[in-house]
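Trainee: dropping the sequence and predicted coords here.
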Amino acid sequence: MTQPKSLDDFSSQLIAWQKQYGRHDLPWQNTTDPYAIWVSEIMLQQTQVSAVIGYYQKFMVRFPAIASLASATQEEVLQYWSGLGYYSRARNLHHAAQTIMAEHHGQFPQDFETMQTLSGIGRSTAAAIASFAFNQIQTILDGNVKRVLARYFAITGWPSSPKVEKQLWTLAEGLLPKNDMIAYTQGLMDLGATLCTRSKPACTSCPLSNACEAYAQNRVHELPTPKPKKAIPVKQTTMLIVLHGDEVLLQKRPPLGVWGGLWSFPEVENPQNYADALSTLGITAHPEKALPMLSHTFTHFKLQITPLIMHASQQKPHAKEAGTVWIALSDAIAAAIPTPVRTIVNQILTK
C-alpha cells in the first residue's frame with residue numbers, strides 16, 4: 001500500500017463531488033431529526049436504498065416519533081417490517097425506542113458512546129446518526145465504505161476480518177474532515193452505492209480515481225478481497241398450509257431465532273409427522289397437494305421449503321396452544337409474515 005498524494009484531497013474532493021452529484025432527495029435526508037435518521041440507518045443495514053424507501057415511508061407514517069414506536073406492540077412493528085428481512089433489526093429498534101423512553105426521557109441521546117448502548121446500534125451506525133443529526137465528527141465503516149477504502153488504499157484481505165477491519169478503521173479516522181461532516185458522510189455512502197460499486201464500478205467518473213491505488217494498479221475488480229468461500233448448509237422443512245373455508249392457520253414463531261415474533265405456518269421436518277403436529281392444535285386435516293418447493297437463503301444457511309396444502313376437516317373454536325390463529329387469506333397478506341409465507345399465500349390467492 002502506498003500513501004495517496006494527500007489525505008486532505010480525499011475529503012475535499014469527496015465533499016465537492018457529493019454536493020454536486022450526490023443524492024439529496026432521499027426520504028430521510030434534509031433533516032436533523034435523530035429518530036428519522038436512526039430508522040433509516042437501521043433499515044439500510046444489509047438492504048439497498050431502492051428496497052428501503054417504500055418501507056421507510058410507511059413505517060414513519062405509522063410510527064412518526066420514538067414515543068409511538070415504543071408504545072406499539074412488537075407484532076405491529078414486525079408487521080410494518082414484514083418483507084424487509086433481518087427481523088432482529090426491527091426487534092432491536094423497538095426495544096431501543098422503549099429504552100429511550102424509559103432511560104433518556106424520550107430523547108435520542110447525543111453522546112456517541114451512549115448511542116452504542118442501545119440495541120442494534122453499533123459503532124458505524126452510531127457514527128452515521130451522530131454525523132447527520134448532530135454534525136459530530138465521527139467515521140462510518142459500512143460495507144460500501146469498506147469497499148471504497150480497500151480500493152483507494154489497495155488493501156488486500158477480506159474487509160470484515162478483524163485484522164483488515166481494524167486497519168480500515170484507522171485509515172477511515174485519518175481521512176475525517178474538520179467541516180462539512182454531513183456532506184462527507186453522505187458522500188462516502190453515495191460513492192460506494194453509485195460509482196464504486198461491487199461490479200462494473202464507474203472509475204472514470206470517480207472524484208478519487210486520481211489517487212486510487214487499485215485504479216492505478218488495474219486491480220479494481222479484484223478488490224476488495226472476497227469473503228472466503230464456505231459451504232452453506234441446506235436445511236429442509238415442510239410447511240403445513242391448513243385451510244378452512246377462506247381462512248388459513250398461522251402460528252407465531254418464538255421471539256428469538258429465525259423469523260422471531262412473526263406469523264408463519266406450522267412446520268414439520270418430516271412430512272409424515274403432520275398429523276401429530278396438528279393434533280396438538282386440536283385440528284384434523286389430510287394432505288391434498290404440495291406446492292413447488294421454495295428456497296430462502298439466510299446468512300448462515302439455506303432453507304428449502306415444501307408447502308403442503310390441506311383442508312381442516314375439524315377445528316376447535318379455540319386452539320389448544322396460544323399463538324395460533326385462523327385468519328382470512330386476504331388478511332394474511334398484510335400480517336407480520338416472512339417473505340416465503342407471503343409468497344405461498346399469494347400463490348393460493350391467485351389460483
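Mentor: Received it, and whenever you're ready, just let me know what you need.
Trainee: just checking, next helix/strand downstream of the lengthiest strand in the chain?
Mentor: Secondary structure of the chain per DSSP state E: the longest strand is strand 302-314. Stepping forward along the backbone from strand 302-314, the first helix or strand reached (DSSP states H and E) is strand 324-328.
Trainee: got any ranges where the stretch 251-351 of the chain has weak pLDDT?
Mentor: Applying pLDDT under 70 to the stretch 251-351 of the chain flags the ranges 314-322.
Trainee: residue ranges of the helices in it, please?
Mentor: Counting by DSSP state H, counting those that start in this stretch, the stretch 251-351 of the chain has these helices, from start to end: 274-279, 329-332, 339-349.
Trainee: so of the ones you listed, which one's packed in deepest?
Mentor: Per-stretch averages of neighbours, counted by mean count of other CB atoms under 10 Å, single out helix 339-349 among these, with a mean of 17. Placement of C-beta: from N, CA and C, glycine included.
Trainee: other SSEs contacting it?
Mentor: Helix 339-349 makes packing contacts with strand 234-244, strand 294-297, strand 302-314, helix 329-332 when contacts are defined by 3 or more CB pairs under 8 Å, 6 or more residues apart in numbering; DSSP states H and E.
Trainee: excluding its backbone neighbours, what's nearest Ala127?
Mentor: Counting by CB to CB, 6 or more residues apart in numbering, Gln138 is the residue found nearest to Ala127 once chain neighbours are left out, at 3.7 Å.
Trainee: phi, psi of the one you found?
Mentor: Gln138 has phi and psi values of phi -140, psi 150 when expressed as degrees, to the nearest 10.
Trainee: how near is it to Ala150?
Mentor: Counting by CB to CB, to the nearest Å, the gap between Gln138 and Ala150 amounts to 20 Å.
Trainee: ok, those two, which is more surrounded?
Mentor: For Gln138 versus Ala150, neighbours defined as other CB atoms under 10 Å are more numerous around Ala150 (24 against 20).
Trainee: tell me how far that one lies from Gly187.
Mentor: The gap separating Ala150 from Gly187 is 17 Å, by CB to CB.
Trainee: what is the burial count for the closest residue to Val341 other than its chain neighbours?
Mentor: Nearest in space to Val341, with sequence neighbours left out and distances taken as CB to CB, 6+ apart, is Ser264 at 5.3 Å. The local packing count at Ser264 equals 18, with neighbours defined by other CB under 10 Å.
Trainee: rewinding a little: against which helices or strands is the longest strand of the chain packed?
Mentor: For strand 302-314, the packing partners by 3+ CB pairs under 8 Å, 6+ apart come out as strand 234-244, strand 284-290, strand 294-297, helix 339-349.
Trainee: the same query, at a cut-off of 6 Å, please.
Mentor: Strand 302-314 is packed against strand 234-244, strand 284-290, strand 294-297, with contacts defined by 3 or more CB pairs under 6 Å, 6 or more residues apart in numbering; DSSP states H and E.
Trainee: can I get those in a markdown table including distance to Ile333 and mean neighbour count?
Mentor: Formatted as a markdown table, the entries for these read as follows, by distance: least, CB to CB, whole Å; neighbours: other CB atoms under 10 Å:
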| stretch | distance to Ile333 | mean neighbour count |
| --- | --- | --- |
| strand 234-244 | 14 | 19 |
| strand 284-290 | 21 | 14 |
| strand 294-297 | 16 | 14 |
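Trainee: adding distance to Ala183, write those out as a markdown table.
Mentor: What follows is the helices and strands packed on strand 302-314, written out as a markdown table (distance: least, CB to CB, whole Å):
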| stretch | distance to Ala183 |
| --- | --- |
| strand 234-244 | 45 |
| strand 284-290 | 55 |
| strand 294-297 | 36 |
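Trainee: out of these, flag the one nearest Ala65.
Mentor: Across the helices and strands packed on strand 302-314, Ala65 has its closest neighbour in strand 294-297 (33.7 Å, CB to CB).
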